[in-house]
Every structure is written in structure tokens, then in C-alpha cells.
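**Student:** starting from these lines, generate the structure:
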Amino acid sequence: MSGRTVLLAADHAGYDLKQDLASHLTDLGWEPTDLGTDSPDSVDYPDFAHRLAGAIESGRAERGILVCGAGIGMSIAANRHAGVRAANCLDERMAALAREHNDANVLCLGSRLLDPDQAKKIVWTFLETPFGGGRHGRRVEKIEPDRAGARA
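**Tutor:** Numbers count the residues shown, from 1 in each chain. Take a look at the predicted model:
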């Protein structure tokens, strides 16, 4: 996968927004890879969060976007994976800070909390904002429990 690849996954509540975002990402020059769900029929959000987060964890992709009703369940499930820093963002400022300060690599969105235009702005901000490094790099290293100095 190229550096402009972004993984997408959603549950039934996020299906329509995921479909909108896939088209938007292509328009922005990104290469979306859809990991499901493939319909608005009821599914369990952890299945899709783990599918996407597992791909990030294994190095098959660098970035992902998860969509459910509130973004909360997806973020909780995705953050169970080593190396995944999933951030549930409700606005562009949260998305920028998630990238700049936390090097977040998975964006979680709540389809019941955001309209499609808001979500598209958040996605653009998340994907185009670089990690700040410096003191933030030291802090991000402390997130993973197996890294040196992570636990005091």
C-alpha cells in the first residue's frame, strides 16, 4: 500500500458516511481501501474496528478511519491494538491536535454526531496535519507499555 492509502471501516450506523468519505478521499488524492461493512444491515462494530486496527498494527497500512454511531465504541476497540492510536474527533481542532500531539493514526467518527460536510473537514485535517515530534514524540513513546521507559 502506498503512503496515500487510508483504510476505511464502519458498522451499520456508519455505513452511509463511510461511503461518502470513500468518494471524498479519492477526490483528495488518497487511495481508500474499504474493509466493510458492505451494507446498512446490523453488524457488531468491534469486528470492523479489529479488522482495521489489525492492519495498522501489522504494518499493512499507516492510517485508518473508523465510523460508528458515536465513534466511541470503535475507538475503544481499535486502541486495544499495539501501535494504534485511535482518536474520536468531533471537530477539526481535535483532529489537528490528535495528529500534532498524539501522532494518532486512526480517526474515529460518529455518524450520529456529525453531518457529512463536518466529517469531511475533520478527515482532511486529520490526514493533512503532520505529527509535531519533539516533546510530543517522547510522550507518544510512553503510550506503548513495551517501550523502554514507558512505565515508571
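
**Student:** strands of this structure, start to end?
**Tutor:** 5-10, 31-34, 64-68, 86-88, 106-110 (DSSP state E).

**Student:** shaky segments in the protein?
**Tutor:** The chain contains residues with pLDDT under 70 at 1-3, 145-152.

**Student:** let's see it at 90
**Tutor:** Applying pLDDT under 90 to the chain flags the ranges 1-3, 131-152.

**Student:** please tell me how far Ala96 sits from Cys89.
**Tutor:** Here the distance between Ala96 and Cys89 works out to 9 Å (Cβ to Cβ, to the nearest Å). Just so you know, the C-beta spots here come from the backbone N, C-alpha and C atoms, and that holds for glycine as well.

**Student:** out of these two, which sits in the more crowded spot?
**Tutor:** Taking other Cβ atoms under 10 Å, Ala96 and Cys89 do not tie; Cys89 has more neighbours (26 against 17).

**Student:** about what we covered before: which one of the strands of the chain lies closest to Arg135?
**Tutor:** Among these, the nearest to Arg135 by Cβ to Cβ is strand 86-88 (18.6 Å).

**Student:** partner strands of the closest one and their direction?
**Tutor:** In the sheet, strand 86-88 lines up against strand 106-110 (parallel) (DSSP bridges).

**Student:** quick one, what contacts the nearest residue to Pro40 once chain neighbours are set aside?
**Tutor:** Sequence neighbours aside, Tyr15 is the residue nearest to Pro40 in space, at 4.6 Å (criterion: Cβ to Cβ, 6 or more residues apart in numbering). Counting by Cβ atoms under 8 Å, 6 or more residues apart in numbering, Tyr15 touches 37, 39-40, 67.

**Student:** contacting residues for the nearest residue to Cys89 once chain neighbours are set aside?
**Tutor:** Leaving aside its chain neighbours, Cys89 sits nearest to Ala95 (4.4 Å; criterion: Cβ to Cβ, 6+ apart). Each residue near Ala95 by Cβ under 8 Å, 6+ apart is listed here: 87, 89, 107, 122-123, 125-126, 129.
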